[in-house]
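In: mind folding the following:
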Amino acid sequence: MMRYEIPQLETERLILREHREDDIAAEIAFYATDASQFVGGPKSPEDTWRYISMMMGHWALRGFGFWALEDKDTGTYQGRVGLWYPHGWREREIGWILMPSATGKGYATEAAQAARAHAYDVLGWETAISQIAVTNHASKAVAKRLGAVMEETYDAGDAYGEIEVWRHPAPADLVNGGMEAYA
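Out: Residues are numbered from 1 along each chain as shown. This next block holds a predicted model:
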């Protein structure tokens, strides 16, 4: 039997934890809308369930992956942030996807800083990228707040279109693993 443990991280306002089946309802609602266009959506409920299951399997195969974001005060599922490197991917990535009700609150930046600190301080990564759709201005603003710099653009095909690759600062260029705002 395969077993793996997903470490729980905390920021000032969020708990980064394993996904639970009750998170799927929010993901299904999200992937039924055009708000999911930057992350391969819209998707059917079945495809959404499979996608979340695939992300959980990434933990088993790579030892890292996406965390579910839970608001500490309300216990509400806010989206996901994590570390991603499936087969065929360009290189290790830090990604974020928020539910529409969670946008504009700084959650993506807060959680991505925690994920990056884990990648650098625990996993020993020396670099990371974030891949962002050219027209996803909100996500590019998060990358900029994280200190990432746009490196190149490439065509990711029908599912994702034109993608910008944003390079995160190296660990040595960050104070406190990039968590200085939340220390």
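In: any stretches of the protein with poor pLDDT?
Out: Scanning the chain for pLDDT under 70 picks out 1-2, 159, 176-183.
In: show me where it has its helices.
Out: 24-31, 45-62, 107-121, 137-145 (DSSP state H).
In: and the longest one, what does it pack onto?
Out: Contacts defined by 3 or more Cβ pairs under 8 Å, 6 or more residues apart in numbering; DSSP states H and E place helix 45-62 against helix 24-31, strand 77-84. Every C-beta, even on glycine, is put in place using the N, C-alpha and C of the backbone.
In: looking at the ones you listed, which is buried most?
Out: Mean neighbours per residue, mean count of other Cβ atoms under 10 Å, is largest over the helices and strands packed on helix 45-62 for strand 77-84, with a mean of 24.
In: out of the helices of the chain, which one sits most buried?
Out: It is helix 107-121: most buried of the helices of the chain by mean count of other Cβ under 10 Å, with a mean of 23.
In: quick one: distance of that one to the chain centre.
Out: Between the centre of helix 107-121 and the centre of its host chain there is 9 Å, according to Cα atoms, centre = their mean, to the nearest Å.
In: cool, and stretch 7-25?
Out: 12 Å.
In: what sits up against it?
Out: 6, 48-49, 52, 55-56, 66-73, 77-78, 80-81, 107, 110-111, 113-115, 118, 122, 182 (Cβ atoms under 8 Å, 6 or more residues apart in numbering).
In: residue 154 and residue 103, how far apart?
Out: 26 Å (Cβ to Cβ, to the nearest Å).
In: please apply the same query to residue 90.
Out: Distance, residue 90 to residue 103, using Cβ to Cβ: 26 Å.
In: and residue 174, how many neighbours does it have?
Out: Using other Cβ atoms under 10 Å, residue 174 has 19 neighbouring residues.
In: apologies, that question was intended for residue 4.
Out: 13.
In: can you tell me how far it is from residue 105?
Out: Residue 4 is 30 Å from residue 105, by Cβ to Cβ.
In: what's the answer for residue 91, then?
Out: Distance from residue 91 to residue 105, by Cβ to Cβ: 29 Å.
In: go on, residue 38?
Out: For residue 38, the distance to residue 105 - Cβ to Cβ - is 18 Å.
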